[in-house]
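A.B. asks: fold the following.
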Amino acid sequence: MSQEWFKDWFESEDYLTVYKHRNNNEARQLLDLIIEKTGIESGAKILDSACGAGRHSIHLAKLGFDVVAFDLSETLLRIAKKNSSEQNLKIQFYQSDIREAFFEVKFDLILNLFTSFGYFEEDSENFQFILNAHNMLKPKGFFVFDYFNKNLLINNLVPESITHLADKIITERRRFDGERVIKDIEIKQNGSTNIFYESVRLYSPEEILTHFSKIGFKAKSIFGDYSGTRFDETTSKRLVIFFTK
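C.D. replies: Numbers count the residues shown, from 1 in each chain. A predicted model of the protein is given here:
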């Protein structure tokens, strides 16, 4: 498995097929929570990092925010730009590796959502964007970090699942390998088979908070789901942290 697994996987149009359950309703729920808890007002400047097909960016632009977004994948950006254009939204989309993304402007809010974190082998690579984000954030700005809950994932890992979607059979096999959770994704369609991989570093809440603190962030609130339930390391599905500078 290549350490750069994300380049092939995020360029594949099968990526959105596998994650079609992560839909616009889910995005709106999280964004409602973010807007409520940050008190951010229409017109504020927002950076959506690793924006994918743009479901968060598009909803924010509809609400009147000034949105800048970037992603590594040309495939996902093409979809994001098309959907944005069809709705006459003015979102600035850029292609960039998250390790290299930096803008000279300052943002009121920076987002890192849907576990767009932990893809790289070294801590320094994984936290490079967090360091950059601290420098791109206005003094009273917010950084919202949405990641999985390591403890729940370890205790509830499903080793294999098979999904039938139209003419595709998607088999996902999951395992732990030291500090990482790895998923092999096999997609069969019309007699052909494509194989993709995911490999994400598992950080505990304590590790996340320690690394962010060293960079200069302060944790303001921590939630365990997109409805704003208090985080519980045993039961929470997500780790959603609101940081300030």
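A.B. asks: each with direction, which strands does the longest strand belonging to the chain pair with?
C.D. replies: With DSSP state E applied, the strand covering the greatest number of residues in the chain is identified as strand 137-148. Strand pairing for strand 137-148, using DSSP bridges, gives strand 107-112 (parallel), strand 238-244 (antiparallel).
A.B. asks: out of those, which gets nearest to Ala133?
C.D. replies: Proximity to Ala133 (Cβ to Cβ) singles out strand 107-112 among the strands paired with strand 137-148, at 4.8 Å. All C-beta spots, glycine's among them, are computed from the backbone N, C-alpha and C.
A.B. asks: for the closest one, give the mean pLDDT please.
C.D. replies: Within the predicted structure, the mean pLDDT of strand 107-112 is 98.
A.B. asks: what are the C-alpha coordinates of the helix or strand that that strand is followed by, in CSV please?
C.D. replies: The first helix or strand that comes after strand 107-112 along the chain, using DSSP states H and E, is helix 123-126. Coordinates of the C-alpha atoms in helix 123-126 are reproduced here as CSV (Å, rounded to 0.1, in the frame of the first residue of the first chain):
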residue,chain,number,x,y,z
ASP,A,123,3.2,13.8,13.2
SER,A,124,4.9,16.8,11.7
GLU,A,125,3.1,16.3,8.4
ASN,A,126,-0.2,15.7,10.1
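A.B. asks: so which bits of helix 123-126 are buried?
C.D. replies: Asn126 (16 or more other Cβ atoms under 10 Å).
A.B. asks: and Val200, which of the three is it?
C.D. replies: At Val200 the chain is in strand, as set by DSSP: H, G, I helix; E, B strand; the rest coil.
A.B. asks: run a quick neighbour tally on Phe65.
C.D. replies: The burial metric for Phe65, expressed as a neighbour count using other Cβ atoms under 10 Å, is 22.
A.B. asks: should've said His134
C.D. replies: Applying other Cβ under 10 Å, we find 17 other residues in the vicinity of His134.
A.B. asks: any idea how far Ala101 is from it?
C.D. replies: Summarising the geometry, the distance separating His134 from Ala101, computed by Cβ to Cβ, to the nearest Å, is 13 Å.
A.B. asks: repeat for Ala27
C.D. replies: When distance is defined by Cβ to Cβ, Ala27 is 21 Å away from Ala101.
A.B. asks: ok, Ser49 next?
C.D. replies: Summarising the geometry, the distance separating Ser49 from Ala101, computed by Cβ to Cβ, is 7 Å.
A.B. asks: find residues that contact each of those two.
C.D. replies: Phe70, Phe129 (Cβ atoms under 8 Å, 6 or more residues apart in numbering).
A.B. asks: among these two, which residue is more densely surrounded?
C.D. replies: In this view Ser49 and Ala101 are compared by other Cβ under 10 Å, and Ser49 has more residues nearby, 23 against 20.
A.B. asks: ok, for the more buried one, nearest residue in space, not its chain neighbours?
C.D. replies: Computed as Cβ to Cβ, 6 or more residues apart in numbering, the closest residue to Ser49 that is not its neighbour in sequence is Asn112, at 5.0 Å.
A.B. asks: lovely, talk soon.
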